[in-house]
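Asks: Just need the structure, nothing else, for what follows:
(2 chains)
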Amino acid sequence: MNAHLSRMVAAALLLLAASTAALGCADRDAGGTEPGKASVAVATRNFNNPYWAALRDGAVAEGERLGLEVNVQAGASETDAAGENQKISTQVIQDYSCYAAVPVNATNIITPLLPASRDGKAIINLDTQIDLAAADESGLGVTSFIGSDNVQAGEIAGKGLLEAIGGPGEVLILKGIPGEQNGINRIKGFTEATRGKLEIVGSQVANYEQSEGLNAAEALLKANPNVKGVFAANDTMALGAAQAVRNADLSGEVKVIGVDGIEQALEAVKSGKLEGTVTQYPYVEGQLAVQACQALALGKKIPRRIVSPVALIDKSNVDRQIKAFPKPIIDYKNPLTRLLKGES
Amino acid sequence: MSSTAATTDRPRRDNPTIERLKSLEFWSEQAAIIGLLIAVVVFSILSSTFLTGANISDLLVSAAILVLLAIGQQFVVAVAGIDLSLGATLPLGACVIGLTVATHGWSLGPGMAAAVVVCTAVGIVNGTIIAKVDVSDFIVTLGTFGVVNGLALISVDGTSVAVNSTFLQDLALNSFLGIRWFVWIGLVVAVVAHLAIFRTRFGLGLLATGGDRAAARSMGIRVDRRRIAAYAISGALAGLAAILLVARTGSADPALQTNLLLSSIAAVVLGGSSLFGGKASIVGTIAGALLLTALINGFTLLEISEYYQPIAVGLVVISAAVLSRFQGRTG
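Replies: Model prediction:
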């Protein structure tokens, strides 16, 4: 009986090994990089968040378009610094010509990227700015930062909400994870754009979570009956706030605006639950990362800072954006297009 | 070959090695090592990078934090307990370094020592409540997980703190005698842990406590102390792992969420230890930790989608658990 079982186990293990082998995976030979052709390693926080999934899709699509090798890896969650670092250090072994990474916090990607930087590989910081002082101190050379301008996103949201309210009024703010720089910049932009016009009567941390956004907005709406609008530092909190507005039977009276442009938020704008969202284009960030790496492989000098576009999506253009998702519906100036054209 | 026992109604007995290979107990005890060998063979066939020195070195470095946590978990499992608070103790240790070194300007040595002390204290609290008040280990460590998680957030005001230190950076990247520092640390801890469990009275007492507490007590073993010590060791190793974490990520992040807690338990189970206590294998636990890390490393090299990785890890753990059902049943 036992001998029989153990034979079954052995057979199962062999089968497992064989089926893994049959997956026939694309392997990469370390150290093989054609001159004039970038090979790109991209790392981000996770793929569960549609935002990072869009960044991955943009990078992969651009790699296919330009005929370049692109490898995108991610950790397990928004705060899985250890997991992301493990992926990056494995990528570094594989000897790509260019590394583009979204950090979990201001410093986590520095140490695993150092060996690549010491080898003279290009390092590109994506989406969230790393601590440049710490990078300098450790000797990490960062070629370029690619990301959207979050202060600008906050300003656009402020102007959008001001217009929707149609004059001065009281507003609420929902903040993201404390200390997270993108969120701080968005709120800064919003506050500056609406100074003297909109009065912020309440603000609370809701950690970029929908349920926390709902709870916080519910409490704040009860405490401030004259509120006309809510600015949430991201879309998931905005969706929570929109739910709170409906629960309080204030639909139409309190306008909610978010940032990110995730699909659910676009649907909510279409159905009128959200006034608008300032969309960023992580898909474009992914494309730009691959383009920047290719420009570097061609020996071009790329800008230290490449700003990816943002746009206010409201009722007037939401249908177009849903159709184009995750690609942008606005024209933006891409400084890399010119550099890549020089290639032929 | 001695064939004295050969009779007509029984199949002929093979030599002892083959006989051993046929026993499920052998397979279940060696699940981690066998799994690791299979993973190494499969990945080196599929990827020309896998078996390079650079990648093996990276794999061992990546595994170091998990190895430390899993060895800590091994001590707790040996006394028939479980430490769920590790997932929060690790970031707390990191935050202690961030708070003392980056915020209050301590030098690195005392800061790192403080991390180990604080994490050890968490373990002592766990162990004391579990042993002296006799509350379920599961509940206590789940509770301390929450408390410790909150303390970490409070200590650095919820934000991640950058810890810039060339010493820590060198620790994460440099080698000594051709072997990376992280690997040395894992190796030294493993050897010490192995000797402590199998070559000392303390270790024998631990295993006796885990195997049958009442019997151990009647033999004069101070079981409460052994249980508290196991949790203290688990905490201390989490503190040591926190130093490596800060070295690798350059920061103390209170919100850190990783799969490390579950992986530490999985590594112990893969290693052939029984969750009912009384049985330990440092070699097995390390093989388990290496197997879990190798799966992620291999999948990364082969660019297999992120989504398949937890499935593979889960299946491997379940397979090991299924095999462990046959432990001690063969005769």
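Asks: helices and strands of the chain: which one bottoms out on pLDDT?
Replies: Since no chain was named, I'll use chain A. Every helix and strand of chain A was ranked by mean pLDDT, DSSP states H and E. The lowest is helix A:2-22, at a mean of 51.
Asks: hmm, I had chain B in mind actually
Replies: Result, chain B / mean pLDDT, DSSP H and E: helix B:16-22, a mean of 67.
Asks: can you map out the strands along chain A?
Replies: A:39-44, A:69-74, A:98-101, A:122-126, A:144-148, A:169-175, A:198-205, A:227-232, A:255-260, A:276-280, A:305-308, A:310-314 (DSSP state E).
Asks: Out of these, the one nearest B:Ser273 is which?
Replies: Of all those, strand A:69-74 sits nearest to B:Ser273, with 31.6 Å by CB to CB. Backbone N, C-alpha and C define where each C-beta goes, glycine included.
Asks: does that closest one come close to chain B?
Replies: Yes. Judged by CB under 8 Å from any CB of the partner chain, strand A:69-74 and chain B are in contact via A:71, A:73-74.
Asks: Check which element follows the least confident helix or strand of chain B along the chain.
Replies: helix B:24-29 (DSSP states H and E).
Asks: counting contacts, what elements does that next one pack onto?
Replies: helix A:2-22, helix B:308-324 (3 or more CB pairs under 8 Å, 6 or more residues apart in numbering or on different chains; DSSP states H and E).
Asks: what about the closest residue to chain A within chain B, which helix or strand?
Replies: At 2.7 Å from chain A, B:Thr159 is the closest residue in chain B, using CB to the nearest CB. If you go by DSSP H and E, B:Thr159 is not part of any helix or strand.
Asks: Please list all residues in contact with it.
Replies: A:178-180, B:254 (CB atoms under 8 Å, 6 or more residues apart in numbering or on different chains).
Asks: Make TSV from those and add pLDDT, distance to A:Ile130 and neighbour count to it.
Replies: As requested, those are exported to TSV (pLDDT from 0 to 100; distance: CB to CB, whole Å; neighbours: other CB atoms under 10 Å in any protein chain shown):
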residue	pLDDT	distance to A:Ile130	neighbour count
A:Pro178	76	19	15
A:Gly179	72	14	18
A:Glu180	77	13	23
B:Pro254	87	19	27
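Asks: The residues you listed: which two are farthest apart?
Replies: A:Glu180 and B:Pro254 (12.4 Å).
Asks: Excluding covalently adjacent residues, which one is nearest to whichever residue of the stretch 201-344 of chain A sits closest to chain B?
Replies: Residue nearest to chain B within the stretch 201-344 of chain A (CB to the nearest CB): A:Val205, separated by 8.3 Å. Leaving aside its sequence neighbours, A:Val205 sits nearest to A:Lys175 (CB to CB, 6 or more residues apart in numbering or on different chains; 4.8 Å).
Asks: which residues touch that neighbour?
Replies: By CB under 8 Å, 6+ apart, the neighbours of A:Lys175 are A:183, A:187, A:203-206, A:233.
Asks: For the residue lying closest to A:Lys159 once chain neighbours are set aside, give me the pLDDT.
Replies: Nearest residue to A:Lys159 in three dimensions, chain neighbours excluded: A:Ala193, at 5.6 Å (CB to CB, 6+ apart). For A:Ala193, the pLDDT comes out at 95.
Asks: List the buried residues for stretch B:41-51?
Replies: B:42-43, B:46-50 (16 or more other CB atoms under 10 Å in any protein chain shown).
Asks: That one: how far from the chain's middle?
Replies: 25 Å (CA atoms, centre = their mean, to the nearest Å).
Asks: Send over it as CSV, restricted to the C-alpha atoms.
Replies: The C-alpha coordinates for stretch B:41-51 follow below in CSV (Å, rounded to 0.1, in the frame of the first residue of the first chain):
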residue,chain,number,x,y,z
VAL,B,41,16.7,20.7,-11.9
VAL,B,42,13.6,22.1,-13.6
PHE,B,43,14.7,25.7,-13.5
SER,B,44,18.2,25.0,-14.6
ILE,B,45,16.9,23.2,-17.7
LEU,B,46,14.5,26.0,-18.5
SER,B,47,16.8,28.9,-17.7
SER,B,48,20.5,29.3,-18.5
THR,B,49,20.7,32.0,-15.8
PHE,B,50,19.4,29.9,-12.9
LEU,B,51,22.5,27.9,-12.1
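Asks: What parts of the stretch 151-300 of chain B come near chain A?
Replies: B:157-160, B:162-164, B:166, B:169, B:172-173, B:245, B:247-251, B:253, B:255-260, B:293, B:296-297, B:300.
Asks: Filter those residues down to the buried ones.
Replies: B:158-160, B:162-164, B:169, B:172-173, B:245, B:247-251, B:253, B:255-260, B:293, B:296-297, B:300.
Asks: For chain A, which residue gets nearest to chain B?
Replies: A:Gly179 (2.7 Å).
Asks: wait, what's in contact with that residue?
Replies: A:Gly179 touches B:157-160, counting by CB under 8 Å, 6+ apart.
Asks: can you redo those residues as a markdown table with distance to B:Val122 and pLDDT?
Replies: Formatted as a markdown table, the contacts of A:Gly179 follow (distance: CB to CB, whole Å; pLDDT from 0 to 100):
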| residue | distance to B:Val122 | pLDDT |
| --- | --- | --- |
| B:Asp157 | 20 | 82 |
| B:Gly158 | 20 | 78 |
| B:Thr159 | 22 | 80 |
| B:Ser160 | 20 | 84 |
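Asks: could those residues be laid out in CSV, adding distance to A:Val290?
Replies: Output for those, formatted as CSV (distance: CB to CB, whole Å):
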residue, distance to A:Val290
B:Asp157, 38
B:Gly158, 35
B:Thr159, 32
B:Ser160, 28
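Asks: Run a quick neighbour tally on the residue of the stretch 201-344 of chain A closest to chain B.
Replies: When neighbours are counted by other CB atoms under 10 Å in any protein chain shown, A:Val205 registers 18.
Asks: was I right about it contacting A:Ile173?
Replies: No. Counting by CB atoms under 8 Å, A:Val205 stays clear of A:Ile173, with 9.9 Å between them.
Asks: Residue ranges in chain A under the pLDDT threshold?
Replies: A:1-33, A:342-344 (pLDDT under 70).
Asks: For it, just list every one of the helices.
Replies: A:2-22, A:50-66, A:81-93, A:110-118, A:132-138, A:150-165, A:181-194, A:210-223, A:235-247, A:263-271, A:282-297, A:318-324, A:335-341 (DSSP state H).
Asks: close to chain B, is the fourth one?
Replies: Yes. Helix A:110-118 comes into contact with chain B when judged by CB under 8 Å from any CB, the residues involved being A:110-112, A:114-115.
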